[in-house]
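Engineer: coordinates only, no sequence provided:
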């Protein structure tokens with residue numbers, strides 16, 4: 001007879017709490033677009049606002065949230081502030097979810 005091991009969570013509770021904060025942060029499409037835009041380059045609020053089609057004040061609010069959780073970093077150069085992603089791996093879920101959706105779509109098309 002096999003003896004069953006007790007169930008144990010793979011991570012401490014604090015990891016889930018911190019991850020939930022990041023998931024909430026990433027649940028906003030504008031923030032995801034910002035992060036993907038600055039994944040490989042620096043950009044100013046003005047550049048990001050033009051890309052997103054929103055006011056610079058709104059872009060700054062999104063960046064404040066991202067800075068608070070240390071997802072983006074910034075540097076000043078004169079009057080300009082340049083933002084960049086702290087760790088490009090933070091946007092990997094975007095790519096992964098896109099691939100999952102594409103695979104699901106293909107499998108639905110094959111099944112019909």
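Structural biologist: That came through, no problem. Remember, it's a predicted structure, so these values are computed and weren't measured experimentally.

Engineer: what comes into contact with the helix ranked longest in the chain?
Structural biologist: Counting by DSSP state H, the longest helix found in the chain is helix 92-111. Helix 92-111 is contacted from outside by 26, 32, 36, using CB atoms under 8 Å, 6 or more residues apart in numbering. Every C-beta, even on glycine, is put in place using the N, C-alpha and C of the backbone.

Engineer: mind checking which of these are buried?
Structural biologist: By neighbour count, with 16 or more other CB atoms under 10 Å, these hold 26, 32 as buried.

Engineer: what segments of the chain are strands?
Structural biologist: In the chain, the strands defined using DSSP state E lie at 72-77, 80-85.

Engineer: now those strands in CSV, with mean neighbour count, mean pLDDT and distance to residue 110?
Structural biologist: Converted to CSV, the strands of the chain look like this (neighbours: other CB atoms under 10 Å; pLDDT from 0 to 100; distance: least, CB to CB, whole Å):
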stretch, mean neighbour count, mean pLDDT, distance to residue 110
strand 72-77, 13, 96, 40
strand 80-85, 17, 96, 36
